[in-house]
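Engineer: just to be clear, the model below is a prediction. Sequence and coordinates:
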Number of protein chains: 2
Amino acid sequence: MIHSHDEDTNIKNSELFTLTYGSIVAQLCREFNNNYIEVNNQLDKMGYNIGLRLIEEFLSKTGCKRCQNFRETVDVICKVGFKIFLNIQPTNDNWSQDGKSCSIVLPDANPLTEFVELPITSDTKISRELWYSNILCGVIRGSLQMVQVDVDITFVKDRLRGDDRTEMRIKLNKILKDEVPAGED
Amino acid sequence: MIHSHDEDTNIKNSELFTLTYGSIVAQLCREFNNNYIEVNNQLDKMGYNIGLRLIEEFLSKTGCKRCQNFRETVDVICKVGFKIFLNIQPTNDNWSQDGKSCSIVLPDANPLTEFVELPITSDTKISRELWYSNILCGVIRGSLQMVQVDVDITFVKDRLRGDDRTEMRIKLNKILKDEVPAGED
């Protein structure tokens, strides 16, 4: 279903993208009858499928070589991946001692949520359960899967919920070394 | 649910947008069990809701004044609206004698379909029934509704189906003159 394309079409469609993403979330909330846990799962699954394809674009645009360790991988995701596709640069912190897990912190200007306000003033079900930007977890998980890096990744905070920041937690499960393509380090 | 934002964040996310849109279509095909007529309706409805909000961005970005006639309206949609949000400039042709309907023709590089190939080699149900980019009809219909212009708009051709071009047909129903904001012509 994918064919390659030659030139970079830099669409200036942040609003359209934001509103379109909002439509997906609203549509899923309707489809799953406000079962937000299931909506989170679906967003993650959609993101995963997108990630499986997006990595191809990422590698061809950046010529990025295999990272030496997981810290470098997370750095590349934050500084290059997010920059290319969403024009933001998250930071990472709170690394575990074994270097296998950390937090990825989105800047306040998360383009997925630019126009969104969840009803967070009271302790509503939606603000307790929905991870609005959950598609991003899936995108990262799917992209990394294609380069033989198996991770778990979930949101743990979201400014939309009234948290102090928007934060994903990523954890390296394993690097599937056997499947590293021949000729690469 | 909308709050204004100050600066233009030009996201360079054509691939992410294209893939995300593809996810919506796939999701709807699953939800409605490959009833593509219903998928078309849903895409149109999602687009309509997006259009109701996107027009605000459009007006604030462009400072566009009320058009003098429907030809001018269609011209602005093609040359300014599509340019701003999708970075393409469709053309219009095949105007009816009364100046109330015409075709809007998308360029070959329709960013919604950049990576997509429908199974069009045989006469499949999906290629006969699905209007893949149907969200665009809804966006235009919704945007125009907010400026008191009531139109019908549908796809009539799509290169994804093997047609010679991708074409929407737009028809002016009426301009709700009574509701023109005071102070404007």
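Structural biologist: Cool, the structure landed.

Engineer: the helix or strand of chain A with the lowest mean pLDDT and chain B in contact?
Structural biologist: Comparing every helix and strand of chain A by mean pLDDT, DSSP states H and E singles out helix A:125-129 as the least confident one, with a mean of 83. No - Helix A:125-129 does not reach chain B (CB under 8 Å from any CB of the partner chain); its nearest approach is 12.2 Å. Any C-beta I mention is one placed from the backbone N, CA and C, and that applies to glycine too.

Engineer: for that helix, name the packing helices and strands.
Structural biologist: helix A:36-62 (3 or more CB pairs under 8 Å, 6 or more residues apart in numbering or on different chains; DSSP states H and E).

Engineer: model confidence over the helix it packs on, on average?
Structural biologist: Averaged across helix A:36-62, pLDDT comes to 94.

Engineer: other residues contacting the helix or strand just after it?
Structural biologist: Using DSSP states H and E, the helix or strand that follows helix A:36-62 in sequence is helix A:70-76. With contact meaning CB atoms under 8 Å, 6 or more residues apart in numbering or on different chains, helix A:70-76 is reached by A:64, A:67, A:92, A:95, A:99-100, A:102, A:104, A:144, A:149, A:170, A:172.

Engineer: what do you get if the cut-off is 10 Å, keeping everything else the same?
Structural biologist: Residues outside helix A:70-76 that contact it (CB atoms under 10 Å, 6 or more residues apart in numbering or on different chains): A:58, A:62, A:64-67, A:69, A:81-82, A:90-92, A:95, A:98-104, A:140, A:144, A:147, A:149, A:151, A:170-172, A:175.

Engineer: inside helices: which ones of those residues?
Structural biologist: The members of these that map onto helices under DSSP state H are A:58, A:62, A:82, A:140, A:144.

Engineer: and which of these is nearest to residue A:112?
Structural biologist: Within these, the smallest distance to residue A:112 is 11.4 Å, found for residue A:82 (CB to CB).

Engineer: residues near the closest one, how many?
Structural biologist: Neighbour count for residue A:82, taken as other CB atoms under 10 Å in any protein chain shown: 21.

Engineer: just the pLDDT for it.
Structural biologist: pLDDT, residue A:82: 94.

Engineer: cool, residue A:23 as well?
Structural biologist: pLDDT at residue A:23 comes out at 88.

Engineer: quick one on the thing from earlier: just the buried ones out of the contacts of helix A:70-76, please.
Structural biologist: By neighbour count, with 16 or more other CB atoms under 10 Å in any protein chain shown, the contacts of helix A:70-76 hold A:58, A:67, A:81-82, A:90, A:92, A:101-104, A:140, A:144, A:147, A:149, A:151, A:170, A:172, A:175 as buried.

Engineer: about what we covered before: nearest to residue B:26, of the ones in helices among the contacts of helix A:70-76?
Structural biologist: residue A:140 (19.9 Å).

Engineer: for the spatially most central residue of chain A, which non-adjacent residue is closest in space?
Structural biologist: By CA atoms, centre = their mean, chain A has its centre lying nearest to residue A:136, at 2.2 Å. Spatially, and ignoring its direct neighbours in sequence, residue A:136 is nearest to residue A:47 (6.3 Å; CB to CB, 6 or more residues apart in numbering or on different chains).

Engineer: correct me, but that neighbour touches residue A:133?
Structural biologist: Yes - applying CB atoms under 10 Å as the test, residue A:47 and residue A:133 come out as touching, 9.4 Å apart.

Engineer: quick one, which of the two is more surrounded?
Structural biologist: Of the pair residue A:47 and residue A:133, residue A:47 is the one with more neighbours under other CB under 10 Å, namely 26 against 22.

Engineer: quick one: low-confidence ranges for chain A?
Structural biologist: A:1-13, A:117-123, A:178-185 (pLDDT under 70).

Engineer: could you redo the last one with a cut-off of 50?
Structural biologist: A:1-12, A:184-185 (pLDDT under 50).

Engineer: these two touch, right, residue A:21 and residue A:139?
Structural biologist: No - in this structure, residue A:21 is not within contact of residue A:139 by CB under 10 Å, at 11.8 Å.

Engineer: joint contacts of these two?
Structural biologist: Residues touching both residue A:21 and residue A:139 (CB under 10 Å, 6+ apart) are A:43, B:16, B:20.

Engineer: who wins on neighbours among those?
Structural biologist: residue A:43 (25 neighbours).

Engineer: now the residue nearest to the centre of chain A: how far from residue A:85?
Structural biologist: Counting by CB to CB, to the nearest Å, the separation of residue A:136 from residue A:85 is 10 Å.

Engineer: who touches both of these two?
Structural biologist: In contact with both residue A:136 and residue A:85: residue A:50, using CB under 10 Å, 6+ apart.

Engineer: tell me the contacts of residue A:25?
Structural biologist: Contacts of residue A:25 by CB under 10 Å, 6+ apart are A:36, A:39, A:42-43, A:112, A:116, A:130, A:132-135.

Engineer: reformat those as JSON lines; add distance to residue B:28.
Structural biologist: Conversion of those to JSON lines gives the following (distance: CB to CB, whole Å):
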{"residue": "A:36", "distance to residue B:28": "20"}
{"residue": "A:39", "distance to residue B:28": "15"}
{"residue": "A:42", "distance to residue B:28": "12"}
{"residue": "A:43", "distance to residue B:28": "15"}
{"residue": "A:112", "distance to residue B:28": "20"}
{"residue": "A:116", "distance to residue B:28": "21"}
{"residue": "A:130", "distance to residue B:28": "20"}
{"residue": "A:132", "distance to residue B:28": "20"}
{"residue": "A:133", "distance to residue B:28": "21"}
{"residue": "A:134", "distance to residue B:28": "19"}
{"residue": "A:135", "distance to residue B:28": "16"}
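
Engineer: tell me which of those is nearest to residue B:52?
Structural biologist: residue A:116 (15.5 Å).
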